[in-house]
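Enquirer: predicted model and sequence below, questions to follow.
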Amino acid sequence: MTAAHVTLCFLLRDGDAGQEVLLGRKKTGFGTGKIVGVGGHVESGETAAEAVCREVQEEIFVHVEESDLIPAGTVDFVFPAKAEWNMFTTVYLTGRWTGEPAESDEIAPQWYRVEGLPVEQMWADAEHWLPAMISGQRIAVEVVLADDNESVAEVHTGEWLDSGAAR
Ligand SMILES: Nc1[nH]c(=O)nc2c1ncn2[C@H]1C[C@H](O)[C@@H](COP(=O)(O)OP(=O)(O)OP(=O)(O)O)O1
């Protein structure tokens, strides 16, 4: 089965106590209740960059220009016990947007200190790739989930060679 192509965009800002990242509590669909990044499925005919700008607008009512997206790499989420959940994710960071993040039916956004990510409320794999990407590493990550579809069985990280497909 081919993995669904999805996207994530992490807004970053300088807070009083250090760098902050915008995450949010997922209110519907896949991963409901977890604290996740903003993003979603790439629809047919869209590039990943177009999709992530659309998702950011739909989910938190913020406008991001494609030219302000910083490609950070990819994460391949592999669920051996539930292959229909497999997702291939193109990840972006950005420090520029217009509008104030606001809650939608899908996600309740909140700023977190990068040094204090709410890892216990996130997917267990997030701490294996998100801090590295925020710190500027461009990486291609494969996360293999365990049979409970929650814990991490394996993480493989390599250098990300941007093919241009992320733009
Ligand atoms: N193991 C994992 N760790 C993680 O941090 N994020 C994961 C993950 N597996 C999937 N994701 C993310 C990637 C993707 O952005 C998101 C799922 O996409 P969506 O939010 O679009 O799903 P939904 O089923 O709610 O979507 P729509 O039907 O497109 O609204 O979950």
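Expert: Looks like it arrived, so ask away. Numbering: from 1, shown residues only.

Enquirer: where do the helices of this structure begin and end?
Expert: Along the chain, counting by DSSP state H, helices occupy 48-60, 126-134.

Enquirer: of these, give the one that comes closest to residue 36.
Expert: helix 126-134 (8.1 Å; Cβ to Cβ). Yep, even glycine has a C-beta here, placed from its N, CA and C like the rest.

Enquirer: still on that earlier bit, winner for burial among the helices of the chain?
Expert: Comparing those by mean neighbour count (mean count of other Cβ atoms under 10 Å), helix 48-60 comes out on top with a mean of 22.

Enquirer: helices or strands up against that one?
Expert: Counting contacts by 3 or more Cβ pairs under 8 Å, 6 or more residues apart in numbering; DSSP states H and E, helix 48-60 packs against strand 4-15, strand 18-26, strand 38-41, strand 87-94, strand 107-113.

Enquirer: wait, which of those is closest to residue 126?
Expert: Across the helices and strands packed on helix 48-60, residue 126 has its closest neighbour in strand 18-26 (9.0 Å, Cβ to Cβ).

Enquirer: quick one: that closest one to strand 107-113, angle?
Expert: Interaxial angle, strand 18-26 versus strand 107-113 (axes from the mean of the first three to the mean of the last three Cα atoms, to 10 degrees): 160 degrees.

Enquirer: can I get strand 18-26 in PDB, CA atoms only?
Expert: Taking C-alpha atoms only, strand 18-26 is exported to PDB below (Å, rounded to 0.1, in the frame of the first residue of the first chain):
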ATOM      1  CA  GLY A  18      13.600  31.300  24.200                       C
ATOM      2  CA  GLN A  19      12.400  30.000  20.800                       C
ATOM      3  CA  GLU A  20       8.800  28.900  20.600                       C
ATOM      4  CA  VAL A  21       7.000  26.600  18.200                       C
ATOM      5  CA  LEU A  22       3.300  26.500  17.300                       C
ATOM      6  CA  LEU A  23       1.700  23.100  17.900                       C
ATOM      7  CA  GLY A  24      -1.900  22.300  18.600                       C
ATOM      8  CA  ARG A  25      -4.300  19.800  20.100                       C
ATOM      9  CA  LYS A  26      -5.900  17.700  17.400                       C
END
